[in-house]
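K.L.:
fold the following, please.
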Amino acid sequence: MISKSLVSDVEAGFHVCDKERYAELGMKMSDFAFCDRRLPYNVRVKDLVDRMSLYEKTQNLGNRASGVPRLGVPAYQWWSEALHGISDQGTGGVHFDDQVPAATSFPLVILTAAAFNESLWKAIGQVVSTEGRAMYNLQHAGLTYWSPVINVVRDPRWGRTLETPGEDPYTVGRYAVNFVRGMQDVEEAEAEAEGKAEGKGSHSHTSTSSNQQQLDSRPLKVSACCKHMAAYDLEIWNASSRFTFDAKVTEQDMVETFLRPFEMCVKDGDVSSVMCSYNQINGIPSCADPVMLNQTVRNAWNLHGYIVADCDAVEEMKVHQHFLNYSPEETVARTLRAGLDLDCENWRTYHSYYGDHLESATMQGKVREEDMDRSLKYLFTVQMRLGYFDGDTPFEKLGNKDICTHQHIHLAAQTAREGIVLLKNNDHTLPLNSRNHQITTLALIGPHANATDVMLGNYAGKPCRLTTPLDGISAYVANVRFAQGCSDVACENKNLFRPALQAAKNADATVIIAGLDKTIELEDMDRTNLWLPGNQAQLISQVANVSKGPVILVIMSAGGVDISFAKNDNDRIKSILWAGYPGEQGGRAIADVIFGAYNPGGRLPVTWYPNDYVNKIPMTSMLLRPNDQLGYPGRTYRFYKGPTVYPFGYGLSYTKFQYHIALPKPKKLKQINNAMNMMMSVKVKLGQHVHCRDLAYDQGAIKPPDQCPAVMVSDLLRCGEQDFSFHVVVENSGDRDGSEVLIVYSRPPEGVAGAHQKQVIGFQRVFVPAGRRKKVKFTFNVCKALGIVDFKSSMLLPSGAHSIIIGDAGHAFPIQVIFHRHN
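P.N.:
So this is what the prediction gives:
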């Protein structure tokens, strides 16, 4: 999108309620109750809104808010981006220049997610918000960032896979929670609140309204926004466009998959904003759905913040979706009543549909002024929580010294290292050894061999210090023979093949860096196939066939690529790494992994399908479960049973890890057959008024003998207190230190119709030195970990034998859920 700066009259250290500032404006700050810090926020925002005219209200419900100059409230740009670092993409919330030339650019989210490291995700959010606050003080950024993207990757062709944490709803949700907490939490305020809570003692009782008031006034470092809600994962496919696509989704899939990350973001992350998407869901535009916005996000999940539309989404309802043949006034009235607080402008015309049509909609009696008042109160409350009105935050001294610091750049490199996935390593070819002169010359080949902006992906700002693969590898090997082979990823001809082949013939080792870029997968651009573009595969094969030494293939991409030829068919390609889009320090990270300075431990956050998968199911089908009648094979690791190039969660290491599962002490176990075959049992008490629910089973499946197949989770009043725990002992039996990602899945009882094959319920990344072991504890809530969503979208807890799986089916144990009546 083309940026257009918003003229602002703010100064460094600016806050609205500054006595001297009001004096310069010829006003007395004491005349305005909204500037009285002694009053609670709800009283202050009401005073401000009550003073505004109808026209002033309409002009403050778009991202380019005009402010209220006659009250001393300046203009404010709500739209800033921080997907993987502060970005200048948008319409003026962020800008770079000689004073602030750059900000730390982390890897794209899909690679960061591959680290499966929650503390890392939070640390990134903390760095990004620190740099954002510093830039705000320097008049180069706002305080409200419309990040992260938390849509689940449903289809491997989706162009925005690079922005997301992958295909698993729980993992996506945990990424959201940690990134948002890193962005928003004011650590001093959080510690103070915890101290006050502890001081009240275990017998204190805080009312719901009091808790609500505390959360509505909780300080914010910056404001984050979880987007795009919901069932949004199509850009342009054949004749379908994200602006008009009507996603036909079952309620089961909505609850189980598409809404779950957003629920976690709001409930567990306490995000201060949610963005609704362009598409319709079952005939209703997301931004006009009162059930989703008001009933679910605002009330059921208890959002403390505002709901914003994706840019131009409201206008699209009228202009291209022709929703109910509404007039512009009826359109804005519908969305405002549905719970949409802020309209993002048409980024082509810089006009807000709310700003253009809400006043006339009110005059025509189609919407009430109090509906606008409600939304304005949410917006001004967020600004007050940010310190925009009062100042006096812990961040006012942040400045240039806090942007692009050594620690921040190091974290960008570490993130890329942790995310890189080792997919193949025949004959233990990696890591290469350059220290004892085994590798004195190295051929570096491929369209991404000297990548720069490609590593930054989209929604990128200006990087602090860009390290290309050529830079990184040259730090290890003095004699690097660089030959692209293809001028770009399209690789439409073979004109540059010969220099590449010649370089490989005479080198001790060859590294090929190939893959995709923003011309293949991007916002507003879906993929048509899963192959490497153009002649890339031929380049790789020909180089491998003539190479003197081992060949290492590095793939830069977000979505999976069918590289079966490199995995299975060419023995000369000894090793394969996936590096996503690794950010400004990507070249350094790739080299550190190749030469063994870092032992890779990343895991794939999406399934890599064979190319023929895309011929079996149209991208417009929202079905996740297999459909035999239509020949649809199912989607994601939870439901797809077909062949893969590489499965979800796959990743190798330079060392060898072994697992040993340690269940609780014998008194809590039920022994079956013999001491080596043990089952954990969980007894769930049922109140006398809890009704049993029937479960559908596959034809021929054996139903458990329990007379109560399942119960509604919402009927179990104390289910939140019902946990089970176990330990996994991780032993590093190799000769290299390394990190292992433990992914824990649950599997429902055998034969439950339509149930997932397995689902992620938790994960931990654990560093284990060579020859050592580490004991890792996992604790899970019974209802959350073992519950399923049935075809009626009800959350049920089935009785019977569930399974807990660590990593793969080779490490598992059964857990029996037993119901008994509590009299």
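K.L.:
spit out the contact partners of the spatially closest residue to Ala113 that is not a sequence neighbour.
P.N.:
Setting aside the residues directly before and after it, Ala113 is nearest to Pro165 in space (Cβ to Cβ, 6 or more residues apart in numbering), at 3.7 Å. To be clear about C-beta, it is placed using only N, CA and C from the backbone, and glycine gets the same treatment. Pro165 makes contact with Val109, Ile110, Thr112, Ala113, Pro148, Ile150, Thr171, Val172, Tyr175, Ala176, Pro605, according to Cβ atoms under 8 Å, 6 or more residues apart in numbering.
K.L.:
quick one, which of those residues are buried?
P.N.:
Neighbour counting by 16 or more other Cβ atoms under 10 Å classes Val109, Ile110, Thr112, Ala113, Pro148, Ile150, Thr171, Val172, Tyr175, Ala176, Pro605 among the contacts of Pro165 as buried.
K.L.:
ok, the fourth one to Glu163 distance?
P.N.:
Computed as Cβ to Cβ, to the nearest Å, the Ala113 to Glu163 distance reads 10 Å.
K.L.:
hang on, the earlier thing: out of the buried ones among the contacts of Pro165, name the ones that lie in strands.
P.N.:
Nothing among those maps onto strands, per DSSP state E.
K.L.:
ok, the residues you listed vs Pro798, which is closest?
P.N.:
Looking at those and their distance to Pro798, the nearest is Thr171, at 23.0 Å (Cβ to Cβ).
K.L.:
correct me, but the closest one touches Pro605?
P.N.:
Yes. Counting by Cβ atoms under 8 Å, Thr171 does reach Pro605; the two are 6.6 Å apart.
K.L.:
name the residues contacting each of the two.
P.N.:
Residues touching both Thr171 and Pro605 (Cβ under 8 Å, 6+ apart): Ala113, Phe116, Pro165.
K.L.:
make TSV out of the residues you listed and add distance to Arg638 and pLDDT.
P.N.:
Compiled in TSV, the shared contacts of Thr171 and Pro605 are given as follows (distance: Cβ to Cβ, whole Å; pLDDT from 0 to 100):
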residue	distance to Arg638	pLDDT
Ala113	16	98
Phe116	17	98
Pro165	15	98
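K.L.:
which of the residues you listed fall within helices?
P.N.:
Ala113 (DSSP state H).
K.L.:
JSON lines for the shared contacts of Thr171 and Pro605, including distance to Gly461?
P.N.:
JSON lines is the format used below for those (distance: Cβ to Cβ, whole Å):
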{"residue": "Ala113", "distance to Gly461": "20"}
{"residue": "Phe116", "distance to Gly461": "26"}
{"residue": "Pro165", "distance to Gly461": "20"}
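K.L.:
now do the SS call for His689.
P.N.:
coil (DSSP: H, G, I helix; E, B strand; the rest coil).
K.L.:
CA atoms only: put stretch 160-172 into CSV for me.
P.N.:
The C-alpha coordinates for stretch 160-172 follow below in CSV (Å, rounded to 0.1, in the frame of the first residue of the first chain):
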residue,chain,number,x,y,z
ARG,A,160,-0.4,-14.8,3.5
THR,A,161,1.0,-18.0,5.1
LEU,A,162,4.3,-16.0,5.8
GLU,A,163,2.4,-13.7,8.2
THR,A,164,0.9,-16.5,10.3
PRO,A,165,2.0,-18.9,13.0
GLY,A,166,0.9,-21.9,11.0
GLU,A,167,-1.9,-24.5,10.8
ASP,A,168,-2.5,-25.5,14.4
PRO,A,169,-5.1,-23.5,16.2
TYR,A,170,-3.6,-24.0,19.7
THR,A,171,-0.1,-23.0,18.5
VAL,A,172,-1.4,-20.0,16.7
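K.L.:
what's the burial count for Ser30?
P.N.:
10 (other Cβ atoms under 10 Å).
K.L.:
cool, Leu324 as well?
P.N.:
Leu324, neighbours per other Cβ under 10 Å, totals 15.
K.L.:
now swap in the one 3 residues further on and tell me
P.N.:
For Ser327, the number of neighbouring residues by other Cβ under 10 Å comes to 15.
K.L.:
per-residue pLDDT, it?
P.N.:
Ser327 is assigned 97 on the pLDDT scale.
K.L.:
what do you get for the one 3 residues further on?
P.N.:
Each residue has a pLDDT score; the one for Glu330 is 98.
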